[in-house]
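Novice: let's see this in three dimensions:
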Amino acid sequence: MQDGYHKLRVKSTPHKMEEDGHEVDSPQVDSDTSDSQQDENIDYSPSHGTFDTRTQSRTLGETKKRRLNKGKFIFEVDEYDKRIVGDDSQRFITKGGCVMRKFAKFDGTTWRNQDDMLKIDIINKCTENSTYDPNCPLMVHAIHSQLANQHRSKQYRLHCYYKKFSTQEDATRHPPAGIEGADWELLCKKFASAEFQKVSAKNRTNSLKNEVPPAVGTVSIARIVDMRRREGKEISAIDKYKIGHFSAKKKKMVNEKADDILNELLHEKESSTCSPAEICIKVLHYIPGHTNGRSVSVKKVLDSENLRMELESEKEKSKALEEELHVVKQKQTKYEENQVVIMAELSRLSKLQSQNS
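Specialist: Next up is the predicted model:
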C-alpha cells in the first residue's frame, strides 16, 4: 500500500438497510454502467483465454493494454473501506456485473446464500488474469461485497419489473429476459410475501428519515478519494463529507441542511486546532469514511488522519524549499551571466589599454 493511502469509508445514512430488502442504491455501491443488453457484447470465445467485453476492450487505454499484454490487472483494495480501488477497479466492477447477470441465480436468495461452487466460479471469472489473491481476507471481502451489492441491485431492478403487473399470477406468466421461469416464479413468491413487504416498507420509512441523502452516483467515495490522491491531492474527513453530499448536477450540496453542516465543519476547521477527523466526530458524531461496526478503531483512524496531516505538512515544506532553491539557482545564473559580461568588458578594456600604450 502506498504511503498516506489509508482510505476511509463515508457513512451515508444512519439507517441500516435490511439485507433481504430491495432498496439497495447507495453511494457506497460501485456499479457497472452497462445494462442487461450489454451482456450480448461479452466474448466467451475460448480462443481468447479470458472473459472480457468488447465494449470494455475498446475503452482500455494504451497503458492498460500494454499491462494486459505483459502481466496482470492490478486488484487493489482500500484498507479501511474494504472496497476495490485503483486504475483497474472499473474493469473488475463492470466485469462483475456482466458475470453476475449471466451466471448467478435470481430466485429470491441473496448472494450469501448462493451455492458455494457457483460463487467461486463467478469470482474466478471476474478476477482472472489479475493479481487477486483468494488467500487474502481483505481481497476476498472486497470481491464478495462488490458482487453482493450488484446481486441486490439486479434483484431490485427485477422487483421494479415485477411491480409493473397488477397481480402475482400475471407477473409470473411474464418472466424477464435472461431469468429462468422456475427462478422467476420463486422470486415472485418472495416479492409477494408478507416478510418482503414488511422489509420494503421499513426501508422506505428509513429512506424518508434521511435528512441529508448521499449524492454520489455509480462511483464510490472510496474510488473518488483514491483517484484524487493518485493525482497528488490530499483528502481529509471533511472533504469526504463534501464528496458524499455534493450534487454535480446542481453544482452545490444536495440540500440546505447538508450545506449548513459543511459550513459548520469548515468554520470549526478555521477556528480550531483539532484535526478534520476530530472535528467530524464533534459535529457529525462519526468520521466520514469510517465504516461503523466492522473497521478499525476510531483511535487508529485519528492516528492515520494525523499522519496524513504531518505528511502533507512535510510536502508543503519540501515544495517551499524547492521554490527557494529555484530562486537561488536563478540568482546564481544571473550572477554568472553578469560575471561573463564583466569579464568580457575587462578583456575589452585591457585590449584598449594595450593599444593606447
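Novice: for the residue most central in space within the chain, what are its contacts?
Specialist: For the chain, Arg223 is the residue whose C-alpha lies nearest the centre (C-alpha atoms, centre = their mean; 2.2 Å). By C-beta atoms under 8 Å, 6 or more residues apart in numbering, Arg223 lies in contact with Asp30, Arg83, Ile84, Val85, Ser89. Yep, even glycine has a C-beta here, placed from its N, CA and C like the rest.
Novice: what distance do you get for Lys209 to Glu278?
Specialist: As for Lys209, its distance to Glu278 is 27 Å (criterion: C-beta to C-beta, to the nearest Å).
Novice: more neighbours, the two?
Specialist: Using other C-beta atoms under 10 Å as the criterion, Lys209 and Glu278 rank with Glu278 on top: 18 against 9.
Novice: buried residues in stretch 161-170?
Specialist: With burial defined by 16 or more other C-beta atoms under 10 Å, the residues of stretch 161-170 counted as buried are Tyr161, Tyr162.
Novice: distance between it and the chain's centre?
Specialist: Computed by C-alpha atoms, centre = their mean, to the nearest Å, the chain-centroid distance of stretch 161-170 equals 35 Å.
Novice: and it, end to end?
Specialist: End-to-end distance for stretch 161-170: 12 Å, by C-alpha to C-alpha, to the nearest Å.
Novice: contacts for that stretch?
Specialist: Ala171, His174, Pro176, Leu187, Cys188, Lys189, Phe191, Ala192.
Novice: I'd say the fifth one and Pro176 touch.
Specialist: Same thing as Cys188. No - contact criterion C-beta atoms under 8 Å: Cys188 and Pro176 do not qualify, at 10.9 Å.
Novice: show me what contacts Thr189?
Specialist: Slight slip there: residue 189 is Lys, not Thr. Gly108, Gln168.
Novice: for whichever helix or strand it is part of, buried residues please.
Specialist: Counting by DSSP states H and E, the secondary-structure element that holds Lys189 is helix 181-192. For helix 181-192, the neighbour count (16+ other C-beta under 10 Å) marks Asp183, Trp184, Glu185, Leu186, Leu187, Cys188, Lys190, Phe191 as buried.
Novice: same check on stretch 133-147?
Specialist: For stretch 133-147, by 16+ other C-beta under 10 Å, it's Met139, Ala142, Ile143, Ser145, Gln146, Leu147.
Novice: check stretch 122-133 too.
Specialist: Ile122, Ile123, Lys125, Cys126, Thr127, Ser130, Tyr132.
Novice: farthest-separated two in those residues?
Specialist: Pairwise distances across these (C-beta to C-beta) peak at 14.2 Å, for the pair Ile122 and Ser130.
Novice: do you know how far Ala192 is from Ala171?
Specialist: Taking C-beta to C-beta, one finds Ala192 at 9 Å from Ala171.
Novice: swap in Leu265?
Specialist: 47 Å.
Novice: go through stretch 254-263 and flag the buried ones.
Specialist: Val254, Ala258, Asp259, Ile261, Leu262.
Novice: roughly how far out does the host helix or strand of the third one sit from the chain middle?
Specialist: Right, the one you point to is Asp259. Here Asp259, judged by DSSP H and E, is contained in helix 256-271. In terms of C-alpha atoms, centre = their mean, the gap separating the centre of helix 256-271 from the centre of its chain is 24 Å.
Novice: helix or strand right after it?
Specialist: Following helix 256-271 in sequence, per DSSP H and E, is helix 276-284.
Novice: restricting to C-alpha, output that following helix in CSV.
Specialist: This file holds the C-alpha atoms of helix 276-284, laid out as CSV (Å, rounded to 0.1, in the frame of the first residue of the first chain):
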residue,chain,number,x,y,z
PRO,A,276,-10.6,17.3,10.4
ALA,A,277,-11.4,13.8,11.7
GLU,A,278,-11.8,15.1,15.3
ILE,A,279,-14.0,17.9,14.0
CYS,A,280,-16.2,15.4,12.3
ILE,A,281,-16.6,13.4,15.5
LYS,A,282,-17.6,16.6,17.3
VAL,A,283,-20.1,17.9,14.7
LEU,A,284,-21.3,14.7,12.9
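Novice: any idea of the angle it forms with helix 256-271?
Specialist: Counting by axes from the mean of the first three to the mean of the last three C-alpha atoms, to 10 degrees, helix 276-284 points 130 degrees away from the direction of helix 256-271.
Novice: which other helices and strands contact helix 276-284?
Specialist: Judged by 3 or more C-beta pairs under 8 Å, 6 or more residues apart in numbering; DSSP states H and E, helix 276-284 is in contact with helix 237-245, helix 256-271, helix 298-356.
Novice: mean confidence score for the second one?
Specialist: Across helix 256-271, the average pLDDT comes to 92.
Novice: ditto for stretch 341-357
Specialist: Rounded mean pLDDT across stretch 341-357 is 83.
Novice: next: stretch 132-149.
Specialist: 92.
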